[in-house]
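Visitor: Sharing a model prediction with you, sequence too.
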Amino acid sequence: MDVIEGTGAIVAEPDWPSLFSDVLEIAAAQEHWRVITIELRERQLLAAANGHSIQRLVCAYVMFDRMYREVAEQGVVMKPKRGNPKSIARVSPYFTALREAGSDATALEGELGLSPRRRGAVTKAERKVKRERAADAYLGKTGSK
């Protein structure tokens with residue numbers, strides 16, 4: 001699927017419906033993908049090797065949003081179960097997952113050079129041309145003399 005003109009030839013967009021079942025999450029993933037790939041393309045950092053990192057970043061964004069909705073509805077602390085005198089209040093597992101998704105997204109943004117603080121650390125990858133050496137001619141194409 002090549003939704004963004006000029007980026008699909010470099011990095012193909014994942015099949016979001018196979019990863020997410022919610023229509024709103026699929027639309028959000030497509031929008032995150034579009035924003036990220038356009039920015040990386042404009043900065044000449046978009047490469048096929050970054051495809052899976054971009055996919056993981058988009059998934060972290062979608063998971064963060066999903067967990068945030070749950071925490072907003074239920075709260076950060078889960079109330080003890082009624083009728084159980086040994087039950088205690090504890091941190092919501094959604095809050096823990098929310099923090100993990102946020103940390104994952106922050107790390108991936110840094111690796112891709114998307115966060116403002118890390119933009120200067122990421123530079124355009126240079127494509128080096130392989131130089132011929134005398135040893136290359138000695139062995140030939142088959143590896144034998």
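Guide: That came through, no problem.
Visitor: Residue 49 versus the residue nearest the centre of the chain, what's the distance?
Guide: The chain has residue 57 as the residue nearest its centroid, 1.7 Å off, counting by CA atoms, centre = their mean. Counting by CB to CB, to the nearest Å, the separation of residue 57 from residue 49 is 14 Å. The C-beta positions use only the backbone N, C-alpha and C, and glycine is treated the same way.
Visitor: Identify the residues contacting the residue nearest to the centre of the chain.
Guide: With contacts defined as CB atoms under 8 Å, 6 or more residues apart in numbering, residue 57 is in contact with 32, 36, 105, 108, 109, 112, 114.
Visitor: now swap in residue 71 and tell me
Guide: For residue 71, the contacting residues are 92, 94, 95, 98, by CB under 8 Å, 6+ apart.
Visitor: how about the helix or strand hosting it: buried residues?
Guide: Assigned by DSSP states H and E, residue 71 belongs to helix 51-74. Buried residues in helix 51-74, counted by 16 or more other CB atoms under 10 Å: 51, 53-55, 57-64, 66-68, 71.
Visitor: Tell me which other helices or strands the following helix or strand past it touches.
Guide: Sequence-wise, the next helix or strand downstream of helix 51-74 (DSSP H and E) is strand 77-78. Secondary-structure packing of strand 77-78 (3 or more CB pairs under 8 Å, 6 or more residues apart in numbering; DSSP states H and E): strand 90-91.
Visitor: what mean pLDDT would you report for the strand it packs on?
Guide: For strand 90-91, the mean per-residue pLDDT is 90.
Visitor: for stretch 53-66, same thing?
Guide: Stretch 53-66 comes out at a mean pLDDT of 96.
Visitor: between the contacts of residue 57, which has the most around it?
Guide: The most crowded member of the contacts of residue 57, judged by other CB atoms under 10 Å, is residue 36 (25 neighbours).
Visitor: pLDDT score for that one?
Guide: The model reports residue 36 with a pLDDT of 93.
Visitor: which element is it on?
Guide: Short version, using DSSP H and E: residue 36 is in helix 23-42.
Visitor: to the chain's geometric centre, what's the distance from that helix?
Guide: Offset of helix 23-42 from its chain centre (CA atoms, centre = their mean, to the nearest Å): 11 Å.
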